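# build me a structure from this.
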Amino acid sequence: MKRAMITICLMMLMLSQCVGAFAQGKSWEELIAQYKAIRGQTQKQYDYSKTVKAIDIAKEALQMAEKQFGPDDPRVAESLYYLAEEYNIGVDYDQAESLYKRALAIYDKADKKQTLEYARVLIGLGTLYSLQARYDQGLADYRGALEIIEKLPQPNTIELAQLLVYMALNLDFTKGFAAAEPYYRRSIEVKEKVFGEVHPEVAEAMSVLASAYRVNKEFTQADRLYRKALSIYRELYGKNDPKVADYLERVGYYHYGQKEYARAEPYYKEALKLWERIYKPDNIELCPHLVKQGKLYQAWGKYDKAEIFYQQELAIKEKAFGPDDPRIMASIERLYTFYDSQKNFPQAEHYYSRLFAIQEKQSGTGNVEWYERLRDYAKFFVKWGRWAEAEKHYRRLLAAYEGFPDKNYAFEEEAAERLADLCRVQSKNDEAEGFYRLALTAWEKVLIQEKESEEFVEFLKSMAIFYRGIGKEQEAEKLEKRAEAIHTRLQQEKEKAPDRKGFQESRIRSRSVALRHPAIQILPPCGMISLKDLKEHHYTKCPRPLFYKNIIEGMSLSDRAGLPHIPLHPDQGGLGADDIELIDLVQGPMDIAPLGLVGHHDDGDRLLYLSPLLYHGGDADLVLPQDPRDGGEDAGPV
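Numbers count the residues shown, from 1 in each chain. Predicted coordinates for the structure are as follows:
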């Protein structure tokens, strides 16, 4: 996990340095100037499409420099460096390494080894090696750059401060925090000399070291530096500025992410008091901060306090928008899931019913969203043992299906089987038998492969048990024999083909997608998954800055540029803000196509766009995806 944290921090620093835009018909100087201008504009939001454009503009600048100045001109080396920086954020490490080395060779030939430009290239190459876990090579390049910069007439530069942090991260992983600490401290000192003691860069450098102390359980030192950074923000912006409140929440979040709730609470409390001074008590802008308070107390197990904040947030939105406005759905759903987790059925039912009514009013009935929501609503009552209510909603599903022009028998089977089970537990055996027969008829109409499955075997056994329970032994025996015959064939196939289990599981996953809606036909095990299924299976996808923030474990280095939680545009594969809020981290393997937007389901669901994303699971190493244009085959382990 520590390696993952170091990798993330290095990547975040790279992201804050490298962005660009494409331009045609400009001189080399104009292209480089535009590149640098765009870099400053895009520090707060990583955009993969802009990285692609940056690569294009850097390539154009390189071609123009070679043509205009010759292959050995330092301006060619500068162009090579910018292009390498773009490739070094996970696009193509091999290409980046080659470009860095070409730039070094040109600077060397031009007798510019003892320059800041040469040191910058060494820093880039050292970072590339560190990101690839080639730490010794990375540290050697860092030390070379440090030696050059320290001999310059004015060594105290932002490049030196940045280099010291890179070295600290490398040493933190390879030799431990004790070896890295002096470099963290010196980075603060250099920034104080460059910017002055009261500057956001100095505050962020302090936060980096504070987070390192916190990760190493040196809480006294961490809190001292957090508070010192906070005093800088207050001096810069005033005590009641949103930037101060943001910083307080950020520090609280670092502790919250590590389940250090008692340490997070004072920061969250102080932040909320400040937000309440900035906004009026009924201002809608206060709502996200109330939710953060509620999440802290819910995670801490202080449910009474969490409930107060969630209810307060909902009350503000109801006053602003009305009780049935779609804009309050996220708040109602939050309370529903909160009460559901507390096993408070009356309250959970109240808010779920409100949520479903608003959703139904918004999207209408008989469409994809309505089917999914009604099925989930019915499952809620099943979970709580409210059989009659569940039956009512499953009957609505089945009735709607019967009027649907495009039949999906897997959907009909599911609804009929659930109704059979519900009638059975309510001792309505005649109705239960009718629904079982309907389910069996639907099973007979699905693909042959679907009937040759353990899932169908279980259905046959369940139906046989029902028949024995009502005294129909002959019907039960027929079903049992059929189930046994299928099971035997499956076992024989499994023995002949060791990988049959994986294939079968993949097929079942495909069927689970098909069950979402009668218009969606059963899919082959093609490795695709829709955004809806992605969320239902507790996966997540988000742009790199947001994902880094989620798994950074308190290293505020990731926030050095004030990176916000900004989702990608849907055309780039992004989820909405509410989607991202629902899920925290990736869990388990993903069986999905990695090469971009590959199609749609019949209901219009956009399939997952993977290429600009990063996945992490447990203590697994982080692997960045390849550029979709390069035909990469894998997004790496998750």
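# may I see the buried residues of stretch 253-265?
Buried residues in stretch 253-265, counting neighbours by 16 or more other Cβ atoms under 10 Å, are found at Y253, Y254, H255, Y256, G257, E260, Y261, R263, A264, E265. Backbone N, C-alpha and C define where each C-beta goes, glycine included.
# filter these down to the ones in strands?
Among the buried residues of stretch 253-265, no member falls in strands (criterion: DSSP state E).
# now, the most widely separated pair of these?
Between any two of the buried residues of stretch 253-265, the greatest separation by Cβ to Cβ is 13.9 Å, found for G257 and E265.
# need the contact list for Y409.
Contacts for Y409 (Cβ atoms under 8 Å, 6 or more residues apart in numbering) come out as A442, W443, K445, V446.
# so the second one touches F411, yeah?
No. Contact between W443 and F411 fails when scored by Cβ atoms under 8 Å: they sit 12.0 Å apart.
# and the two? which has more neighbours close in?
For W443 versus F411, the count of surrounding residues by other Cβ atoms under 10 Å is larger for F411: 25 against 21.
# and that one, what pLDDT?
Taken from the predicted model, the pLDDT recorded for F411 is 80.
# now it: which helix or strand?
Element membership of F411 [criterion: DSSP states H and E] is helix 409-425.
# next SSE after that helix?
Counting by DSSP H and E, the element after helix 409-425 in chain order, helix or strand, is helix 429-445.
# could you list the residues in contact with that following helix?
409-410, 412-413, 416-417, 419-421, 423-424, 450-451, 456, 459, 463, 466, 469-470.
# now do it and helix 409-425, the angle between them.
Here helix 429-445 runs at an angle of 160 degrees relative to helix 409-425 (axes from the mean of the first three to the mean of the last three Cα atoms, to 10 degrees).
# thinking again about what came up before, in TSV, list the contacts of Y409 along with pLDDT.
Output for the contacts of Y409, formatted as TSV (pLDDT from 0 to 100):
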residue	pLDDT
A442	87
W443	87
K445	82
V446	75
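# just the buried residues of those residues.
Members of the contacts of Y409 that pass the buried threshold by neighbour count (16+ other Cβ under 10 Å) are listed as A442, W443, V446.
# ok, R489 - contacts?
Going by Cβ under 8 Å, 6+ apart, R489 touches E452.
# gap between it and V457?
When distances are taken as Cβ to Cβ, to the nearest Å, R489 and V457 turn out to be 10 Å apart.
# mind listing what's buried in stretch 237-250?
Judged by neighbour count using 16+ other Cβ under 10 Å, the buried positions of stretch 237-250 are V244, A245, D246, Y247, L248, E249, R250.
# should've said stretch 394-413
Y394, R396, L397, L398, A400, Y401, N408, Y409, A410, F411, E412, E413.
# now swap in stretch 185-199 and tell me
Along stretch 185-199, the positions that meet the burial threshold by neighbour count (16+ other Cβ under 10 Å) are R186, S187, I188, V190, K191, E192, V194.
# what's the angle from the lengthiest helix in the chain to helix 429-445?
Looking only at the chain and at elements set by DSSP state H, the helix with the highest residue count is helix 473-496. In terms of direction (the same axes, to 10 degrees), helix 473-496 departs from helix 429-445 by 30 degrees.
# quick one: helix 473-496 to chain centroid distance?
For helix 473-496, the separation from the chain centroid amounts to 43 Å (computed by Cα atoms, centre = their mean, to the nearest Å).
# tell me the average confidence for it?
The predicted model assigns helix 473-496 a mean pLDDT of 90.
# send the alpha carbons of that helix over as PDB?
Backbone C-alpha positions of helix 473-496 (Å, rounded to 0.1, in the frame of the first residue of the first chain) are rendered in PDB as follows:
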ATOM      1  CA  GLU A 473     -45.000 -36.400  -5.700                       C
ATOM      2  CA  GLN A 474     -45.100 -37.400  -9.300                       C
ATOM      3  CA  GLU A 475     -44.500 -33.900 -10.600                       C
ATOM      4  CA  ALA A 476     -41.800 -33.400  -8.000                       C
ATOM      5  CA  GLU A 477     -40.000 -36.500  -9.100                       C
ATOM      6  CA  LYS A 478     -39.900 -35.500 -12.800                       C
ATOM      7  CA  LEU A 479     -38.400 -32.100 -11.900                       C
ATOM      8  CA  GLU A 480     -35.800 -33.700  -9.600                       C
ATOM      9  CA  LYS A 481     -34.700 -36.200 -12.300                       C
ATOM     10  CA  ARG A 482     -34.400 -33.400 -14.800                       C
ATOM     11  CA  ALA A 483     -32.300 -31.300 -12.400                       C
ATOM     12  CA  GLU A 484     -30.100 -34.300 -11.600                       C
ATOM     13  CA  ALA A 485     -29.500 -35.000 -15.400                       C
ATOM     14  CA  ILE A 486     -28.500 -31.400 -16.000                       C
ATOM     15  CA  HIS A 487     -26.200 -31.300 -13.000                       C
ATOM     16  CA  THR A 488     -24.500 -34.500 -14.100                       C
ATOM     17  CA  ARG A 489     -23.900 -33.100 -17.600                       C
ATOM     18  CA  LEU A 490     -22.400 -29.900 -16.100                       C
ATOM     19  CA  GLN A 491     -20.100 -31.900 -13.800                       C
ATOM     20  CA  GLN A 492     -18.900 -34.000 -16.700                       C
ATOM     21  CA  GLU A 493     -18.200 -30.900 -18.800                       C
ATOM     22  CA  LYS A 494     -16.400 -29.400 -15.900                       C
ATOM     23  CA  GLU A 495     -14.100 -32.400 -15.600                       C
ATOM     24  CA  LYS A 496     -13.400 -32.300 -19.400                       C
END
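# where does pLDDT dip in the stretch 251-400 of the chain?
Regions of the stretch 251-400 of the chain meeting the criterion pLDDT under 70 are absent.
# my bad, the stretch 451-600 of the chain
451, 497-600.
# helices of the stretch 1-150 of the chain, start to end?
If DSSP state H, counting those that start in this stretch is used as the criterion, the helices of the stretch 1-150 of the chain fall at 2-17, 28-41, 48-69, 74-87, 93-109, 116-131, 135-150.
# what residues sit buried inside the third one?
Okay, so that is helix 48-69. In helix 48-69, counting by 16+ other Cβ under 10 Å, buried: 48, 50-58, 60-62, 64-66.
# equivalent analysis for the second one, please.
Of the residues in helix 28-41, those buried under the neighbour-count criterion (16+ other Cβ under 10 Å) are W28, L31, I32, Q34, Y35, I38, R39.
# picking that back up, kindly indicate which of the buried residues of helix 48-69 lies nearest P74.
When the buried residues of helix 48-69 are compared for distance to P74 (Cβ to Cβ), A65 wins out at 9.4 Å.
# one step back: closest one to G385 among the helices of the stretch 1-150 of the chain?
Comparing those against G385 with Cβ to Cβ, the closest turns out to be helix 2-17 (42.7 Å).
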